[in-house]
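Visitor: sequence and predicted structure are below.
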Amino acid sequence: PYEHMQKIREQNISPSLRMYYKKPLLLHQGHMQWLFDYEGRRYLDLFAGIVTVSVGHCHPKVTVAAQKQLARLWHTTNIYMHPSIHEYAEKLTSFLPDPLKVVYLTNSGSEANDLAMFMARLYTRNFDIISLRGAYHGGSPYTLGLTSVGLYKHSVANGFGCSTVRFLLIFLIIWVTVYLNISTVNISSILKVLCVCHANDQYIEQFKDTLNTSVPKTIAGFIAEPIQGVNGAVQYPRNFLKEAYQLVRERGGICISDEVQTGFGRTGSHFWGFETHGVVPDIVTLAKGIGNGFPMAAVVTTKDIASSLAQNLHFNTFGGSPLACVVGAAVLDAIEEDGLQKNSEEVGTYMLLELAKLRDKFEVVGDVRGKGLMIGVEMVTDKDSRHPLPGEEINQIWEDCKDMGVLIGRGGLYSQTFRIKPPMCINKKDVDFTVEVLNTALQKHME
Ligand code: PMP
């Protein structure tokens, strides 16, 4: 079936969907941390469908809950009541601190971040949203403005950078605003999204400068991931987020924590990434691990901020379907019953220590970083320059790991970082296997 499927891909499937590996994997089945291909080969899944399969592939509890609900009722949309959305909202918010108690259910992380931005703008009546260099907040046209990972951004950045397009866009905004009587808060600020840069000691000073010079009076919000995911488990300098939140709030902006990758116990020490920074955001956005692979997402905020949206009808056809809510609740149960947050901490710490031994052994392993089961291993030409290892060399190591049965993600501005973010049910034996495989692949690279 492989060649046949390749042919269909070429003809009928979006060419922007890029496959991993020279010969893409044709997968058949999954069980907890394991994936199986059609030839019966088993792979340890260290990327979890891009940090999404939080509790394990086809986790029995989640699967049974979904099956039961599938036979009962899938979808009603939100014009009727059904118990599961109430049960889920109550349960989800029991994991969040006050005042984060109002839930909006959406279908993807991009949608959740779109909504969070929209709320920030309506609530503050301001325009600008600040995001950080290296951030990834989504692939929708709105959130792409916040995303700075170049691979995803090119067309939009170039498009908006081009003066003709910019002129047409401004014209369109004026036209839409005047003729359709839509508030400019909603749309015009798409041109004003900013990024600040440089992860170094002067980070907070640069952040302050950016606020003072670019958005002294017009800041609506600041969005950041507690650990940058797509950028390769990049962590901020100590206290950066705390100080940044304070600066933003002093200027009337609100703070959004994008927990799409860091939520649900993945960082180990805490259930949410923001807790590791000692801050409480005004809005959190959740996706990926929230549904263990079922498409669902959420925005959770305060009563005050939620009320800014309540002036108008805000509607999402699929958000909060009975099926999604039942799956979401079963995922929360599984995290608690299987002790997965604690496991993330224990197994993640062990993994970081074992990988650090590879960093000490191989010149090309420039950095091992992260927290819990959110780990980045950066591949470099040498530890002094820390230039990214050339793509073909990284690819070879990565392909070799796959051939030995370990699937690893890629990230970073140059795709130079191996991303290890497995289902949170992996154990220390899996770590030993991973380290052995990586060691063999790196050894081969050195020869
Ligand atoms: N935020 C973060 C931190 C993400 O990593 C992603 C997806 N990689 C998104 C938002 C967007 O989520 P989705 O692909 O579900 O729209």
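Guide: Alright, I've got the coordinates.
Visitor: low pLDDT regions in the stretch 301-447 of the chain?
Guide: Of all residues in the stretch 301-447 of the chain, none has pLDDT under 70.
Visitor: remind me, longest helix of the protein?
Guide: Secondary structure assigned by DSSP state H gives helix 340-361 as the longest helix of the chain.
Visitor: what helices or strands is that helix leaning on?
Guide: Identification of packing neighbours for helix 340-361 by 3 or more CB pairs under 8 Å, 6 or more residues apart in numbering; DSSP states H and E yields strand 365-371, strand 374-379, helix 428-446. Just so you know, the C-beta spots here come from the backbone N, C-alpha and C atoms, and that holds for glycine as well.
Visitor: which stretch among the ones you listed comes nearest the ligand?
Guide: strand 374-379 (10.8 Å; CB to the nearest ligand atom).
Visitor: export the following helix or strand past that closest one to CSV, keeping only CA atoms.
Guide: In the C-terminal direction, the helix or strand that comes right after strand 374-379 (DSSP states H and E) is helix 391-403. As requested, the backbone C-alpha atoms of helix 391-403 are provided in CSV (Å, rounded to 0.1, in the frame of the first residue of the first chain):
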residue,chain,number,x,y,z
GLY,A,391,21.3,19.6,8.5
GLU,A,392,22.5,16.5,6.7
GLU,A,393,24.5,15.4,9.7
ILE,A,394,21.7,15.9,12.1
ASN,A,395,19.3,14.1,9.8
GLN,A,396,21.6,11.1,9.7
ILE,A,397,21.7,10.8,13.5
TRP,A,398,18.0,11.2,13.7
GLU,A,399,17.3,8.7,10.9
ASP,A,400,19.6,6.2,12.6
CYS,A,401,17.6,6.6,15.8
LYS,A,402,14.4,5.9,14.0
ASP,A,403,16.0,2.8,12.3
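Visitor: quick one: the helix or strand following helix 391-403 to chain centroid distance?
Guide: Heading C-terminal from helix 391-403, the first helix or strand you meet, by DSSP H and E, is strand 406-407. On the basis of CA atoms, centre = their mean, to the nearest Å, strand 406-407 sits 20 Å off its chain's mean C-alpha point.
Visitor: closest one to Leu309 among the helices and strands packed on helix 340-361?
Guide: If you check each of those against Leu309 by CB to CB, strand 374-379 wins as the nearest, at 30.7 Å.
Visitor: helix/strand/coil for whatever residue of the stretch 251-400 of the chain ends up closest to the ligand?
Guide: Using CB to the nearest ligand atom, the closest approach of the stretch 251-400 of the chain to the ligand is made by Val260 at 3.6 Å. For Val260, the secondary structure call by DSSP: H, G, I helix; E, B strand; the rest coil comes out as coil.
Visitor: and the closest residue to the ligand within the chain, what does it touch?
Guide: Of all residues in the chain, Gly109 sits closest to the ligand, at 2.3 Å by CB to the nearest ligand atom. Gly109 is in contact with His137, Gly138, Asp258, Val260, Thr285, Leu286, Ala287, Lys288, Ala297, counting by CB atoms under 8 Å, 6 or more residues apart in numbering.
Visitor: Throw those residues into a markdown table and include pLDDT and neighbour count, thanks.
Guide: Supplementary listing: these in a markdown table, determined by pLDDT from 0 to 100; neighbours: other CB atoms under 10 Å:
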| residue | pLDDT | neighbour count |
| --- | --- | --- |
| His137 | 94 | 31 |
| Gly138 | 94 | 25 |
| Asp258 | 98 | 32 |
| Val260 | 98 | 28 |
| Thr285 | 98 | 32 |
| Leu286 | 98 | 28 |
| Ala287 | 98 | 27 |
| Lys288 | 98 | 27 |
| Ala297 | 98 | 26 |
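Visitor: now flag whichever of those is closest to Phe433.
Guide: Taking CB to CB as the measure, Phe433 lies nearest Lys288 of these, at 24.5 Å.
Visitor: residues contacting the closest one?
Guide: Ile50, Val51, Thr52, Ser54, Gly109, Val260, Gln261.
Visitor: name the residues of the stretch 151-300 of the chain found near the ligand, please.
Guide: When proximity is defined by CB under 6 Å from any ligand atom, the stretch 151-300 of the chain lies next to the ligand at Glu225, Gly229, Val230, Asp258, Val260, Gln261, Ala287.
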